[in-house]
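> everything below, folded, please.
(chains A, B, C and D)
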Number of protein chains: 4
Amino acid sequence: MDTGADLVRLRELVRAFVAERDWEQFHTPKNLSAALSVEAAELLEHFQWLQTGEGAELGDDKLRQVRHELADVFFYLIRIADRLGVDLDAALQEKMVLNREKYPADKVRGSSRKYNEY
Amino acid sequence: MDTGADLVRLRELVRAFVAERDWEQFHTPKNLSAALSVEAAELLEHFQWLQTGEGAELGDDKLRQVRHELADVFFYLIRIADRLGVDLDAALQEKMVLNREKYPADKVRGSSRKYNEY
Amino acid sequence: MDTGADLVRLRELVRAFVAERDWEQFHTPKNLSAALSVEAAELLEHFQWLQTGEGAELGDDKLRQVRHELADVFFYLIRIADRLGVDLDAALQEKMVLNREKYPADKVRGSSRKYNEY
Amino acid sequence: MDTGADLVRLRELVRAFVAERDWEQFHTPKNLSAALSVEAAELLEHFQWLQTGEGAELGDDKLRQVRHELADVFFYLIRIADRLGVDLDAALQEKMVLNREKYPADKVRGSSRKYNEY
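Got it, this is the predicted structure:
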């Protein structure tokens, strides 16, 4: 198995969709990051008045909509990474190494404070 | 190759990081969607005063920071999908089918209008 | 008393601050709406892991920071309204009339559903 | 003229609207800051694929919608300030003093860099 093969496949799927519509012209990193924020907010909208958004509180119909919002966020995340030449798989693995340093498990366990608040 | 194997691997990486810190208690779908929006905005902040954010305008140092923001967005996207039982790979593929219907290539080519504005 | 006099005074304060720095060139409606989203997310960040953000849970130090974030949001809101020629006072009053129609008190009392979910 | 009288009037307008609908129960600072982010993103959505959003590029119909989004942002800004006991007028004036120190006009003129990048 090639590491990252799934993300490469999805990146190509997204890239073809965009090319068929001649939308590359709109897909600057700036515009894509705005679109990503907009989609993230559409996801948040489903949860804004709920307590936690767990199972029954969300409900099946809303979960289906939330699933679509997650897909939209993923679409723009893949697309902006593609435009900037970023390998999302490698970037996340590297960031996890940094986060392990910033948030040592024995120091932060059970606390949600920010790393600069310890 | 198992389809989605990379995302399963990353999901487990994220899940372990969270469990080691006993952070599951904070990771309600609602809180995670707020965190995702916050990270998406931190990404957007890098581009807000730029023209397009292409190559030279962004610069290498900023690109490194942007790469980290993309990883943070990916982290929360994977995490919220995990908490809601959503398969991101399948969700994106399904959404692309719907988007192909909403935005037929021969109708929308070269236009950035929203589907309900045609 | 002139209705809207306070907002006119604040608009002038913001306008002078921007002019002294020759920042009008960056203040397109698009850029300002991105900046507004970024500031709104910085506000949200203070609350993302809290239960409600009420009094003691937030704390005095965080409240002071939150106050600054609210000011930043207000700054960009006033600024974008100025650039688009929108009277915020009149706009809010008009929107409240529309909201009273969309959300009749006797119909929506105690429910947080969206107007199109009734 | 009482300084801040307009904002007090608008705060009361918003407060009455919420009370009539028994929505105080949903209006925690956390939920309101999420709602503010969502409304800010709805504003941004109108501009995401535009160059600048100036006059003709936006158009009259969109401007009317944008005006409503600005009112929605203002609504939640006033509401969260009310819930936290923050005087928006005073907060903005104080923040402008701080911003004048962070961004001295003779140092930052014509540059959009962040204060910690000088």
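> quick one, helices of chain A?
A:5-20, A:29-45, A:55-58, A:60-84, A:88-102, A:105-108 (DSSP state H).
> burial of the residue nearest to residue A:66 when sequence neighbours are not counted, as a residue count?
In space, and not counting its chain neighbours, residue A:66 is closest to residue A:46: 5.4 Å by CB to CB, 6 or more residues apart in numbering or on different chains. Quick note: C-beta positions are derived from backbone N, CA and C, even for glycine. Number of residues near residue A:46 (other CB atoms under 10 Å in any protein chain shown) recorded here: 20.
> contact partners for residue A:46?
The neighbours of residue A:46, taking CB atoms under 8 Å, 6 or more residues apart in numbering or on different chains as the test, are A:53, A:58, A:62, A:65-66, A:69, B:33.
> out of those, which are buried?
A:53, A:58, A:66, A:69, B:33 (16 or more other CB atoms under 10 Å in any protein chain shown).
> pipe the residues you listed into CSV and attach pLDDT and distance to residue D:105 per row.
CSV is the format used below for the buried ones among the contacts of residue A:46 (pLDDT from 0 to 100; distance: CB to CB, whole Å):
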residue, pLDDT, distance to residue D:105
A:53, 96, 46
A:58, 94, 50
A:66, 98, 46
A:69, 98, 43
B:33, 98, 40
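> with distance to residue A:82 added, can I get those residues in TSV?
Putting the buried ones among the contacts of residue A:46 into TSV (distance: CB to CB, whole Å) gives the following:
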residue	distance to residue A:82
A:53	30
A:58	31
A:66	25
A:69	20
B:33	24
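> just give me the closest of these to chain D.
Nearest to chain D out of the buried ones among the contacts of residue A:46 is residue B:33 (CB to the nearest CB; 8.4 Å).
> setting aside sequence neighbours, what's the nearest residue to the closest one?
residue A:44 (4.6 Å).
> and the pLDDT for that neighbour?
Predicted confidence (pLDDT) for residue A:44: 98.
> is it true that it touches residue B:37?
Yes - assessed by CB atoms under 8 Å, residue A:44 is found in contact with residue B:37 at 5.0 Å.
> shared neighbours, the two?
By CB under 8 Å, 6+ apart, the residues touching both residue A:44 and residue B:37 are D:34, D:37.
> which one of these two is surrounded by more residues?
A count of neighbours by other CB under 10 Å puts residue B:37 above the other of residue A:44 and residue B:37, at 34 against 26.
> buried set for stretch A:5-16?
A:6-7, A:9-11, A:14-15.
> up against chain C, what does chain A have?
Proximity of chain A to chain C, by CB under 8 Å from any CB of the partner chain, involves residues A:34, A:37, A:41, A:49, A:112.
> please pick the buried ones from those residues.
So, by 16+ other CB under 10 Å, the buried ones in the residues of chain A next to chain C are A:34, A:37, A:41, A:49.
> name the nearest of these relative to residue B:87.
Nearest to residue B:87 among these: residue A:41, at 23.1 Å, using CB to CB.
> and that closest one, how far is that from residue D:93?
29 Å (CB to CB, to the nearest Å).
> show me what contacts residue A:76?
A:32, A:35-36, A:39.
> top of those by neighbour count?
residue A:36 (28 neighbours).
> which residue packs closest to that residue, ignoring adjacent ones?
residue A:76 (4.1 Å).
> return the distance of that neighbour relative to residue A:33.
8 Å.
> would you point out the helix or strand in chain A whose mean pLDDT is lowest?
Scoring the helices and strands of chain A by mean pLDDT, DSSP states H and E places helix A:55-58 at the bottom, with a mean of 89.
> in contact with the nearest residue to residue A:41 once chain neighbours are set aside, which residues?
Nearest non-adjacent residue to residue A:41, counting by CB to CB, 6+ apart: residue D:41, 3.2 Å away. Taking CB under 8 Å, 6+ apart as the criterion, residue D:41 is in contact with A:37-38, A:40-42, B:37, C:37.
> determine which two of those residues are furthest apart.
Longest span within the contacts of residue D:41, CB to CB: A:42 and C:37, 12.7 Å.
> where does pLDDT dip in chain A?
A:1-3, A:118 (pLDDT under 70).
> same thing but 80
In the predicted model of chain A, residues A:1-4, A:114-118 satisfy pLDDT under 80.
> what parts of it come near chain D?
So far as CB under 8 Å from any CB goes, chain A lies against chain D at A:26, A:31, A:34-35, A:37-38, A:40-42, A:44-45, A:47-49.
> let's go with 10 Å and repeat that
Residues of chain A found near chain D (CB under 10 Å from any CB of the partner chain) are A:23, A:25-28, A:30-51.
> ok, back up a step: isn't the residue nearest to residue B:33 up against residue D:42?
No - using CB atoms under 10 Å, residue A:44 is not in contact with residue D:42, being 11.4 Å away.
> so residue A:8 makes contact with residue A:81?
No - here residue A:8 does not reach residue A:81: they are 11.2 Å apart, not a contact under CB under 10 Å.
> what touches both of those two?
Shared contacts of residue A:8 and residue A:81, defined by CB atoms under 10 Å, 6 or more residues apart in numbering or on different chains, are found at A:87, A:89.
> how about residue A:89, nearest residue that isn't a chain neighbour?
Excluding the flanking residues, the one nearest residue A:89 by CB to CB, 6+ apart is residue A:4, at 4.2 Å.
> contacting residues around that neighbour?
Contacts of residue A:4 by CB under 10 Å, 6+ apart are A:11, A:87-90, A:93, B:6, B:9-10.
> so residue A:95 touches residue B:67, yeah?
Yes - counting by CB under 10 Å, residue A:95 sits close enough to residue B:67 to count as a contact (8.2 Å).
> list the contacts for residue A:93?
Per CB under 10 Å, 6+ apart, neighbours of residue A:93: A:3-4, A:87, B:9-10, B:13, B:71.
> and if you look at residue A:38?
Contacts of residue A:38 by CB under 10 Å, 6+ apart are A:72-73, A:76, B:37, B:40, B:44, C:37, D:38, D:40-48.
> again, only using 8 Å
So residue A:38 contacts D:41-42, D:44-45, D:48 (CB under 8 Å, 6+ apart).
> biggest separation within those residues, which pair?
D:42 and D:48 (10.9 Å).
> measure stretch A:41-61 end to end?
End-to-end span of stretch A:41-61 (CA to CA, to the nearest Å): 19 Å.
> for it, buried residues please.
A:41-50, A:53, A:58.
> same check, this time on stretch A:78-97
A:78-84, A:86-89, A:91-93, A:95-96.
> list just the nearest of those residues to chain B.
residue A:95 (3.5 Å).
> number of nearby residues for residue A:18?
18.
> gap between it and residue A:40?
Applying CB to CB to residue A:18 and residue A:40 gives a distance of 20 Å.
> try residue A:25
For residue A:25, the distance to residue A:40 - CB to CB - is 24 Å.
> residue A:71 now?
13 Å.
> circling back to that earlier point, and the helices of chain A: which comes nearest residue D:106?
helix A:29-45 (29.1 Å).
> specify the angle between that closest one and helix C:29-47 in degrees.
40 degrees (axes from the mean of the first three to the mean of the last three CA atoms, to 10 degrees).
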